[in-house]
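K.L.:
Below are the sequence and a predicted model; questions follow.
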Amino acid sequence: MKEGPDIAQIGALIGDPARANMLTALMGGNALTATELAGTAGITLQTASSHLSKLEAGGLICQRKQGRHRYFALADDDVGLLLESLMGFAAHRGFTRHRTGPRDPALRKARVCYNHLAGDYGVRMLDSLVAEEVIAGAGDDLTLTQSGAEKMTALGIDLSALTRSRRPVCRTCLDWSERRSHLSGSLGQALLTLFLDKGWARRETDSRAVRFTGTGEKEFAKLFPLSA
């Protein structure tokens, strides 16, 4: 038996079509019930419960209890990053299963990737933050600059809360539709929360798509200008 990380077990957990559908549904960042996830996967509740037990045992999802109800969510940011990277790899190799339709352009433009902004707007945001020297570094080695910290504080983001978190403040995530990186980490989550709280954007029902309002489009363009 070979030693080292066993990617076969993770691959088997994610590779089952029903489990892949449930994990993809949880990429929206919302905790869902077993019944909701069974509907997403097109399977019975009993079968869904079996799949969820395997995903939980494998460390891919976690369970939250509220009263008599149980909800399931991705275990942590690392799972979201892994799934988004796999989506990018699959798209790049031509393994796509979505049907073209009116929602596809919306998903490519702006969507939720677990807890942060993805799509064209997510990539543009990171590009602009780097160009404006709000964030310094390349690849996964990103840091918030002093001027960047001042800008984020001016927006109303509590940086002390971000730095207390065990998660990285700035982190990249490979975008499956753009095939480039967008911003994740605690700062990526804080910025998406800011857009939603200010009413600049809203989540579409039963979709990962994020729809910016007219005001939101203008504010986003001012905050994250494109390089000349």
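P.N.:
Nice, I can see it. Numbering: from 1, shown residues only.
K.L.:
Could I get the full set of strands for the protein?
P.N.:
In the chain, the segments counted as strands under DSSP state E are 61-66, 69-74, 111-113, 116-118, 135-138, 141-144, 171-174, 181-184, 201-203, 210-212.
K.L.:
What pairs with the fifth one, parallel or antiparallel?
P.N.:
Think strand 135-138. Using DSSP bridges, the neighbouring strands of strand 135-138 in the sheet come out as strand 141-144 (antiparallel).
K.L.:
Now do the helices in the protein.
P.N.:
7-15, 17-26, 34-41, 45-57, 77-92, 103-109, 120-131, 146-154, 159-164, 185-197, 214-223 (DSSP state H).
K.L.:
helices and strands around the third one, which ones?
P.N.:
I take that to be helix 34-41. Counting contacts by 3 or more C-beta pairs under 8 Å, 6 or more residues apart in numbering; DSSP states H and E, the secondary-structure elements packed against helix 34-41 are helix 17-26, helix 45-57, strand 69-74. Just so you know, the C-beta spots here come from the backbone N, C-alpha and C atoms, and that holds for glycine as well.
K.L.:
is it possible to export the ones you listed to TSV including mean pLDDT and distance to Ala201?
P.N.:
TSV is the format used below for those (pLDDT from 0 to 100; distance: least, C-beta to C-beta, whole Å):
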stretch	mean pLDDT	distance to Ala201
helix 17-26	92	21
helix 45-57	94	30
strand 69-74	90	21
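K.L.:
Among the ones you listed, show me which one is buried the most.
P.N.:
The highest mean neighbour count among these belongs to helix 17-26 (a mean of 19), with neighbours defined as mean count of other C-beta atoms under 10 Å.
K.L.:
tell me the angle that helix makes with helix 45-57.
P.N.:
Note on geometry: by axes from the mean of the first three to the mean of the last three C-alpha atoms, to 10 degrees, helix 17-26 and helix 45-57 are set 70 degrees apart in direction.
K.L.:
mind exporting helix 17-26 as PDB, just the C-alpha atoms?
P.N.:
What follows is helix 17-26 as a C-alpha-only set of coordinates in PDB (Å, rounded to 0.1, in the frame of the first residue of the first chain):
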ATOM      1  CA  PRO A  17     -23.500  12.100  -9.400                       C
ATOM      2  CA  ALA A  18     -26.100  12.400  -6.600                       C
ATOM      3  CA  ARG A  19     -23.400  13.600  -4.100                       C
ATOM      4  CA  ALA A  20     -21.900  15.900  -6.700                       C
ATOM      5  CA  ASN A  21     -25.400  17.500  -7.200                       C
ATOM      6  CA  MET A  22     -25.800  18.000  -3.400                       C
ATOM      7  CA  LEU A  23     -22.300  19.500  -3.000                       C
ATOM      8  CA  THR A  24     -23.000  21.800  -5.900                       C
ATOM      9  CA  ALA A  25     -26.200  23.000  -4.300                       C
ATOM     10  CA  LEU A  26     -24.300  23.700  -1.100                       C
END
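K.L.:
for it, packing partners?
P.N.:
Using 3+ C-beta pairs under 8 Å, 6+ apart as the contact test, the elements touching helix 17-26 are helix 7-15, helix 34-41, helix 45-57, strand 69-74, helix 77-92.
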